[in-house]
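[1] need a 3D model of the following:
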Amino acid sequence: MPELPEVETVRRGLQPAMEGSKILKAEARRKDLRFPFQKDFIARLEGQTITGLGRRAKYLMADLNSGDVLLMHLGMSGSFRVLKQDGAAAPGQFHHPRSEDRAHDHVVFHMSSGAAVVFNDPRRFGYMKIIARNAIEDEPLLKGLGPEPLGNEFDAAMLARSCHNKKTSLKAALLDQRVVAGLGNIYVCEALFRSHLSPRRLAATLATKKAEPTDHAKRLVDAIHSVLNQAIKAGGSSISDHRLTNGDLGYFQHSFQVYDREGETCRTSSCEGIVRRFTQNGRSTFWCPKCQK
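    Below is the predicted model:
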């Protein structure tokens, strides 16, 4: 599943082709993706100008001049590509490439910018939904999401308050989208490693009895900021199916300090521990038992 850096990378790649441009024609080449398209899906898109292209957690959000918002989720295997008038692919590297099978091109937006924006999704776990902007706060898909980890409000104090008295592991808390939105398995593993905190540690240890942030919380927030910004700059990770909008793959996997490095020597200076993997909440956790406490 693409995580925040992958979705943000896609947003930045789509922005030049979509933001400020009118949707001249929209195509939905099947009746559904993960969920059925709304009956008025095409009608509410055609002729509308995209006034802004944003992101909330792992969702892309296109604001339309009609007052609607087009909500888009990549799912497991979804990807966008931008085709210019000369036929060249526009915007980004990944370990396993995205689908090249045009039979899985399910949605196409023909933009007044001269570009065609194509959504390809072999597994069809992605989805799109149009929501009225004034009803966005009540949208079930978005309601209850926690703060953005790169937003101004997300700091050690906020994380400490969210984890105060929690009985779950630190990793489970960070994967809870109500605690912080957009983090997934890869970047949680990386942030915990960089902050030298065990994924098995109780989440409550990020806060004092008065719910004030401990040094652990401060280190962890710094690590989250660092790893996400580094991954966005690199264009996301090349694990599984994530692909940039120009067809290239993200390359942050070359910067993994712990993820997918089972059996290799820890990269922390003077540690000399060995990276281990275990299953936690149904997901693979990679960590160094020697330096992550």
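[2] thought Glu212 was touching Leu159?
    No. With contact defined as Cβ atoms under 8 Å, Glu212 does not reach Leu159; the gap is 11.4 Å. (C-beta placed from N, C-alpha, C; glycine too.)
[3] more neighbours, the two?
    Under the criterion of other Cβ atoms under 10 Å, the comparison of Glu212 against Leu159 puts Leu159 first, with 27 against 13.
[4] Glu190 belongs to a strand?
    No. Counting by DSSP: H, G, I helix; E, B strand; the rest coil, Glu190 is not found in a strand; it is helix.
[5] all helices for the chain, in order.
    For the chain, the helices defined by DSSP state H cover 4-18, 156-163, 170-175, 185-194, 215-234.
[6] pipe those helices into CSV and attach mean pLDDT and distance to Gly78 per row.
    Output for the helices of the chain, formatted as CSV (pLDDT from 0 to 100; distance: least, Cβ to Cβ, whole Å):
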stretch, mean pLDDT, distance to Gly78
helix 4-18, 89, 9
helix 156-163, 98, 29
helix 170-175, 98, 21
helix 185-194, 96, 17
helix 215-234, 93, 19
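[7] would you tell me which of those helices gets closest to Ile50?
    helix 4-18 (4.9 Å; Cβ to Cβ).
[8] what's the angle between that closest one and helix 185-194?
    130 degrees (axes from the mean of the first three to the mean of the last three Cα atoms, to 10 degrees).
[9] remind me what helix 4-18 packs against, helices and strands.
    strand 50-56, strand 59-64, strand 79-83, strand 105-111, strand 116-120, helix 215-234 (3 or more Cβ pairs under 8 Å, 6 or more residues apart in numbering; DSSP states H and E).
[10] out of the ones you listed, flag the one nearest Asp260.
    Per Cβ to Cβ, nearest to Asp260 of the helices and strands packed on helix 4-18: helix 215-234, 14.2 Å.
[11] okay, buried residues for the closest one please.
    216-221, 223-224, 227-228, 231-232, 234 (16 or more other Cβ atoms under 10 Å).
[12] same check, this time on stretch 162-179
    162-164, 166, 168-176, 179.
[13] got it, and stretch 255-273?
    256-261, 266, 268.
[14] and Gln38, how many neighbours?
    Neighbour tally, Gln38, other Cβ under 10 Å: 14.
[15] what about the nearest residue to it once chain neighbours are set aside, how many residues nearby?
    Here the nearest residue to Gln38 in space, its sequence neighbours aside, is Ile130; by Cβ to Cβ, 6 or more residues apart in numbering that works out to 6.1 Å. A count of nearby residues for Ile130, using other Cβ under 10 Å, gives 20.
[16] check the one 3 residues further on too.
    Residue neighbour count, defined by other Cβ under 10 Å, stands at 13 for Arg133.
[17] I'd guessed it sits against Asp63; true?
    Yes. Applying Cβ under 8 Å, one finds Arg133 in contact with Asp63, separated by 6.9 Å.
[18] which residues do these two both contact?
    Val69 (Cβ atoms under 8 Å, 6 or more residues apart in numbering).
[19] tell me the contacts of the residue lying closest to Leu145 once chain neighbours are set aside?
    Spatially, and ignoring its direct neighbours in sequence, Leu145 is nearest to Ala181 (4.4 Å; Cβ to Cβ, 6+ apart). For Ala181, the contact set (Cβ under 8 Å, 6+ apart) comprises 4, 56-58, 145-149.
[20] now do the contacts for the nearest residue to Val107 once chain neighbours are set aside.
    Excluding its sequence neighbours, the residue lying closest to Val107 (Cβ to Cβ, 6+ apart) is Phe119, at 4.1 Å. For Phe119, the contacting residues are 72, 78-80, 105-108, 126, 128, by Cβ under 8 Å, 6+ apart.
[21] which residues does Leu70 contact?
    So Leu70 contacts 45, 50, 61-62, 64, 128-130 (Cβ under 8 Å, 6+ apart).
[22] just curious, which of the residues you listed is nearest to Leu206?
    Met61 (29.9 Å).
[23] and for the closest one, the neighbour number?
    Neighbour number of Met61 under other Cβ under 10 Å is 19.
[24] list the beta-bridge partners for it.
    On the basis of DSSP bridges, Met61 is bridged to Gly54, Leu71.
[25] who's in contact with it?
    53-55, 69-72.
[26] who are the contact partners of the residue nearest to Met128 when sequence neighbours are not counted?
    Closest residue in space to Met128, ignoring its immediate chain neighbours: Met72 at 5.0 Å, by Cβ to Cβ, 6+ apart. Counting by Cβ under 8 Å, 6+ apart, Met72 touches 59-62, 119, 126-128.
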